[in-house]
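Participant: Sequence first, predicted coordinates after that:
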Amino acid sequence: GNSVTQMEGPVTLSEEAFLTINCTYTATGYPSLFWYVQYPGEGLQLLLKATKADDKGSNKGFEATYRKETTSFHLEKGSVQVSDSAVYFCALSPPGGGADGLTFGKGTHLIIQP
Amino acid sequence: DGGITQSPKYLFRKEGQNVTLSCEQNLNHDAMYWYRQDPGQGLRLIYYSQIVNDFQKGDIAEGYSVSREKKESFPLTVTSAQKNPTAFYLCASSIQGAATEAFFGQGTRLTVV
């Protein structure tokens, strides 16, 4: 079946540091890939997405590239801010959509210290 | 504005009581989902519905029930059979049959007192 694996947290960085959160997936065919962000006490918000191999999703300074050869979709940001502190979820949707929705990773808690 | 609305934001329940969490969407999505999130944990699927008057159990359906009488609404009832109901509950919706993103509500935090 489909699965998403992302690095365990918490990840603690200083402000202006470079961020990488690793995400790898297992799926047949070419799934669509997503990064969601969850701020404390809130629901999940879509951060970025990519729907085919070599696509780069980007938003708010975050980027992720869909790498079919390594089945990865790592999230990166060049200079993090305290306001980026949140939980980040990597997710996939199989081709044609899955009957039970997206498959999520377990989430990575990011803490940015001033 | 189109979106998905959960209410209430905070809910307190006495042991042995049933409570119902509301989820309404005006995105014209066919598919809707309920997830449970515990502190420091990921999302676990409770129930999902692909179309009106039809729904399926997810990974942790025991102690929960749902209905889907209208396309816009997918309420979740936490019954007294749910032994550990204190958690954060998230509702989501998406376009059925397409590999598109899901849209989430703001969540309901349920606490058993």
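Facilitator: Arrived safely.
Participant: quick one, what contacts residue 40?
Facilitator: Defaulting to chain A. Applying Cβ atoms under 8 Å, 6 or more residues apart in numbering or on different chains to residue A:40 gives the contacts residue A:86. The C-beta positions use only the backbone N, C-alpha and C, and glycine is treated the same way.
Participant: Let me rephrase: I mean chain B.
Facilitator: residue A:109.
Participant: I'd like to know which residues of chain A are adjacent to chain B.
Facilitator: A:31-32, A:34, A:36, A:41-46, A:49, A:51, A:89, A:93-97, A:99-102, A:104-107, A:109 (Cβ under 8 Å from any Cβ of the partner chain).
Participant: so of those, which ones are in strands?
Facilitator: Members of these lying in strands (criterion: DSSP state E): A:32, A:34, A:36, A:44-46, A:49, A:89, A:93, A:104, A:109.
Participant: What sits closest to residue A:57 if chain neighbours are left out?
Facilitator: residue A:48 (3.5 Å; Cβ to Cβ, 6 or more residues apart in numbering or on different chains).
Participant: ditto for residue A:53
Facilitator: Nearest to residue A:53 is residue A:68, by Cβ to Cβ, 6+ apart, at 3.9 Å.
Participant: Can you read off the pLDDT for the one you found?
Facilitator: Per-residue confidence (pLDDT) for residue A:68: 95.
Participant: From residue B:77, how far out is it?
Facilitator: Taking Cβ to Cβ, to the nearest Å as the measure, residue A:68 falls 42 Å from residue B:77.
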